[in-house]
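Asks: here's a sequence, model it:
(4 chains)
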There are 2 protein chains.
Amino acid sequence: MAHDRLLEVAVREFGQKGLEGASTRGIAAAAGTAMSSITYHYGGKEGLYLAAADYIAQQMEGVAERLDTGALPDTPEAARVAIQTILGRMIDKLAGKQTMPWSMFIMREQMSPTEAFDRIYAGPMGQLMTLLVELVCIATGRKEASVSRVAVITLSGQVLAMRVARATCAKLFERPADSPELIAEVRARVAANTDAILDRLIAERQEPL
Amino acid sequence: MAHDRLLEVAVREFGQKGLEGASTRGIAAAAGTAMSSITYHYGGKEGLYLAAADYIAQQMEGVAERLDTGALPDTPEAARVAIQTILGRMIDKLAGKQTMPWSMFIMREQMSPTEAFDRIYAGPMGQLMTLLVELVCIATGRKEASVSRVAVITLSGQVLAMRVARATCAKLFERPADSPELIAEVRARVAANTDAILDRLIAERQEPL
DNA sequence: GTCTATACTACGATAGAC
DNA sequence: GTCTATCGTAGTATAGAC
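Replies: This is a model prediction of the structure:
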């Protein structure tokens, strides 16, 4: 399966070095094949890049598991638990060594999105985000999604921080950003923060800002 | 001064396309000069890249103003105000059109840091982060910085979210990530969240997790 | 389908005129 | 100091052998 091998390497290389930074020669060599097989299978560098995006989206399916299946929780408490579960899982996935190539790839696309981002977002990622918005609505007793959407951005921002600001983390903690203790600490903090934020959102509903 | 124009363009181009993605020809052309002037002034592409990092650090000095001068606040309330002020300013700077090239440049460096990040962090950026840690310590009555450091990461993560996850924002809100209303909403939400998080951190001190 | 050859293009670096 | 011209290299794409 030169296909999978090539895609695997492509995600890693594109994630690390970006579309321009990575070279087809390098990718092919690392995959143990000739460069022209990229042209053959994917039509060229660009095609391989998009295929890598699809590959990530496809792999995410397996990770997202059946978070979305099943009805939405109908009590605020259950919704809150679901939010915490999802955020916790996001941290693990973002921090995990295995999924790191994906994160890098997606982060790059976040900054300067191309069609590749559309493809990834069209999959489980987009579903997860809208699911989070709905859960925040339920957890805080809102019908309108506008406030919840902003809240979801800031909530997931906390999670992203450690991955995207990895260089700052490393400096601040004088310790690599993916050390297990650090991740555990961030995880606990995010959980506590989320709880506090949701409480605040409920309080605001009675007494708006 | 061809110097400044070259640096200005370099920050923008490197920020948008990365070190490999940007070309010296393109940068020189956009700056209205010949490519060989890059070699002459900065020794080459790499040199220009580092000079661009220094340029950013230098420009940040002007922005950071005198947040650090003057003694640290000595009451928790004053510290909290200072934190809110800094985070608000960070949002404005991250979202502002003028400072956008810097953010892009720095974000890229965060993901895969080079010597350029050291140079930027050695300046006002690092000072700001350690200042935030101290302020959180004061605001929550802590002597030990370890908890505060994690809190600062998650706090600033909220701020980063809208910039770094700009593609997700755009999808979720069906509106460009830098629309003024959106930024205002995020700003208000971050302020409220921060308040809630600091309260929680104070409560935890009496009754640890 | 996969690999080898080669063609073509764009890049960064350098030398030299002014 | 700045520009023009040129070189060598690395990149992608393509054609053709097997």
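
Asks: longest helix anywhere in chain A?
Replies: Longest helix of chain A, by residue count under DSSP state H: helix A:180-206.

Asks: do stretch A:107-123 and chain B come into contact?
Replies: Yes. Stretch A:107-123 is in contact with chain B by CB under 8 Å from any CB of the partner chain, via A:Met107, A:Arg108, A:Glu109, A:Gln110, A:Met111, A:Ser112, A:Pro113, A:Phe117, A:Tyr121. Any C-beta I mention is one placed from the backbone N, CA and C, and that applies to glycine too.

Asks: would CSV of these with neighbour count, secondary structure and pLDDT be doable?
Replies: Compiled in CSV, the residues of stretch A:107-123 next to chain B are given as follows (neighbours: other CB atoms under 10 Å in any protein chain shown; DSSP: H, G, I helix; E, B strand; the rest coil; pLDDT from 0 to 100):
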residue, neighbour count, secondary structure, pLDDT
A:Met107, 22, helix, 93
A:Arg108, 25, helix, 94
A:Glu109, 26, helix, 96
A:Gln110, 23, helix, 92
A:Met111, 23, helix, 89
A:Ser112, 18, coil, 91
A:Pro113, 18, coil, 94
A:Phe117, 22, helix, 98
A:Tyr121, 24, helix, 97
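
Asks: among the residues you listed, find me the one that's closest to A:Gly21.
Replies: Among these, A:Arg108 lies closest to A:Gly21 (CB to CB), at 9.6 Å.

Asks: which SSE is the residue lying closest to that closest one once chain neighbours are set aside in?
Replies: Leaving out its chain neighbours, the residue that sits closest to A:Arg108 by CB to CB, 6 or more residues apart in numbering or on different chains is A:Gly18, at 5.7 Å. A:Gly18 is part of helix A:2-21, with elements assigned from DSSP states H and E.

Asks: list the helices and strands that helix packs on?
Replies: Judged by 3 or more CB pairs under 8 Å, 6 or more residues apart in numbering or on different chains; DSSP states H and E, helix A:2-21 is in contact with helix A:24-30, helix A:36-42, helix A:45-64, helix A:100-111, helix B:2-21.

Asks: distance to A:Leu132 added to the ones you listed, as JSON lines?
Replies: Below are the helices and strands packed on helix A:2-21 laid out as JSON lines (distance: least, CB to CB, whole Å):
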{"stretch": "helix A:24-30", "distance to A:Leu132": "34"}
{"stretch": "helix A:36-42", "distance to A:Leu132": "33"}
{"stretch": "helix A:45-64", "distance to A:Leu132": "12"}
{"stretch": "helix A:100-111", "distance to A:Leu132": "16"}
{"stretch": "helix B:2-21", "distance to A:Leu132": "29"}
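
Asks: want to try CSV for those helices, with distance to DNA strand C as columns?
Replies: Converted to CSV, the helices and strands packed on helix A:2-21 look like this (distance: least, CB to the nearest atom of the strand, whole Å):
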stretch, distance to DNA strand C
helix A:24-30, 8
helix A:36-42, 3
helix A:45-64, 13
helix A:100-111, 19
helix B:2-21, 8
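
Asks: if we can go back for a sec, how many residues are close by the residue nearest to A:Arg108?
Replies: Applying other CB atoms under 10 Å in any protein chain shown, we find 24 residues neighbouring A:Gly18.

Asks: what residues are up against it?
Replies: Residues in contact with A:Gly18 (CB atoms under 8 Å, 6 or more residues apart in numbering or on different chains) are A:Arg108, B:Gly18, B:Glu20, B:Gly21.

Asks: of those, which pair is most distant in space?
Replies: A:Arg108 and B:Glu20 (12.1 Å).

Asks: the helix or strand where A:Ile86 lies vs helix A:100-111, what angle?
Replies: A:Ile86 belongs to helix A:76-95 when assigned by DSSP H and E. Interaxial angle of helix A:76-95 relative to helix A:100-111 (axes from the mean of the first three to the mean of the last three CA atoms, to 10 degrees): 100 degrees.

Asks: coming back round to it: what residues of the helix holding A:Gly18 count as buried?
Replies: Using 16 or more other CB atoms under 10 Å in any protein chain shown as the test for burial, helix A:2-21 gives A:6-19, A:21.

Asks: CA atoms only: put it into CSV for me.
Replies: Listed next in CSV are the C-alpha coordinates belonging to helix A:2-21 (Å, rounded to 0.1, in the frame of the first residue of the first chain):
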residue,chain,number,x,y,z
ALA,A,2,2.1,2.8,-1.3
HIS,A,3,-1.0,4.9,-1.0
ASP,A,4,-1.4,4.9,2.7
ARG,A,5,2.3,5.1,3.3
LEU,A,6,2.5,8.2,1.1
LEU,A,7,-0.4,9.9,2.8
GLU,A,8,1.0,9.2,6.2
VAL,A,9,4.3,10.8,5.3
ALA,A,10,2.6,13.6,3.5
VAL,A,11,0.5,14.6,6.6
ARG,A,12,3.7,14.6,8.7
GLU,A,13,5.8,16.5,6.3
PHE,A,14,3.2,19.0,5.3
GLY,A,15,2.3,19.5,8.9
GLN,A,16,5.9,20.1,9.9
LYS,A,17,7.0,22.2,7.0
GLY,A,18,3.9,23.5,5.2
LEU,A,19,2.9,23.1,1.6
GLU,A,20,5.9,25.0,0.3
GLY,A,21,8.4,23.8,2.8
